[in-house]
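Engineer: got a predicted structure here, sequence first:
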Amino acid sequence: MTRAASEADVAGAAGTVCDSWSSLDLSGTGFEPLGRDETGDTGGDPWFHRPPAPLPAEDRPRELEVVRVSTPEEVAEFEAVSIWGFVGEDAVLEPGTLHPTPVLANPRMTMLVGRVRGAPVAAGTAYRGDGAVGLYGVTTIASARGRGYASALTRELIDPAAPAVLSPSREAERLYRRLGFEQVGELRQWRRVLP
């Protein structure tokens, strides 16, 4: 958790740069800030950290089956429920768009799907970096929210022996605080401007 990178360190990066401290100005290096919301606000999103610690006791909803994604079919299911949770339950996504199946070979990546009576209702991802576990894309479809599914998946993704980081939505901040996360900064994302 240091602010060691400079603009020069990341100016040649491909793809998106996530600035956990909102301390970089990459506007002169071929990047533009990603808008945080529909207003175009480019301020940082909250950046949360959880130190290594036991998780508070909490029962998993009995009806929820948590599946660790391990097959190409489960990757497609993971992508579908992810887009349904973030965009809407009628959204359609070409399989492999977000996570091509070679992601299954990456031992640092964990993708989970939550199912109720065989139907996917929630999804979440963790990536184990050298210094922390990053949690990404935890979501529940709108018709299944408020039942503890996102909390259950998040608990499965956290390694109590390792620090964890994430950038929550405003709606999910209370959930993550309950699991031991605290805001330590703001995350600003920069994307490379295409010619």
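Structural biologist: Received it, and whenever you're ready, just let me know what you need.
Engineer: how about the residue positioned nearest the centre of the chain: what's its closest non-neighbour residue?
Structural biologist: Among the residues of the chain, Y136 comes closest to the average C-alpha position under CA atoms, centre = their mean, at 1.0 Å. Leaving aside its sequence neighbours, Y136 sits nearest to T125 (CB to CB, 6 or more residues apart in numbering; 4.6 Å). Backbone N, C-alpha and C define where each C-beta goes, glycine included.
Engineer: hmm, the one you found is touching V113, no?
Structural biologist: No. Counting by CB atoms under 8 Å, T125 stays clear of V113, with 10.5 Å between them.
Engineer: quick one: contacts of the helix or strand hosting R177?
Structural biologist: Under the criterion of DSSP states H and E, R177 resides in helix 173-178. For helix 173-178, the external contacting residues (CB atoms under 8 Å, 6 or more residues apart in numbering) are P46, F48, R50, P56, A150, S151, T154, L166, P168, Q183.
Engineer: show me the contacts for the third one.
Structural biologist: Contact criterion CB under 8 Å, 6+ apart gives I158, P163, A164, V165, Y176, L179, G180, F181, E182 as the residues in contact with R50.
Engineer: check V67 too.
Structural biologist: Contacts of V67 (CB under 8 Å, 6+ apart): E74, L112, V113, G114, R115.
Engineer: can I get the least confident helix or strand in the chain by mean pLDDT in PDB, CA atoms only?
Structural biologist: Scoring the helices and strands of the chain by mean pLDDT, DSSP states H and E places strand 16-19 at the bottom, with a mean of 76. As requested, the backbone C-alpha atoms of strand 16-19 are provided in PDB (Å, rounded to 0.1, in the frame of the first residue of the first chain):
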ATOM      1  CA  THR A  16      -6.400   0.800 -18.200                       C
ATOM      2  CA  VAL A  17      -4.300   2.300 -15.400                       C
ATOM      3  CA  CYS A  18      -5.900   2.200 -11.900                       C
ATOM      4  CA  ASP A  19      -4.500   4.900  -9.600                       C
END
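Engineer: assumed Q183 was part of a helix.
Structural biologist: No. Counting by DSSP: H, G, I helix; E, B strand; the rest coil, Q183 falls outside a helix, being strand.
Engineer: ok, what's across the strand from it?
Structural biologist: F48 (DSSP bridges).
Engineer: show me which of the contacts of R50 are buried.
Structural biologist: Restricting the contacts of R50 to buried positions leaves I158, P163, A164, V165, Y176, L179, G180, F181, with burial counted as 16 or more other CB atoms under 10 Å.
Engineer: which strands or helices does the lengthiest helix in the chain pack on?
Structural biologist: Using DSSP state H, we find that the single longest helix of the chain is helix 72-86. The elements that helix 72-86 packs onto, with contact taken as 3 or more CB pairs under 8 Å, 6 or more residues apart in numbering; DSSP states H and E, are strand 109-116, strand 119-128, strand 133-140.
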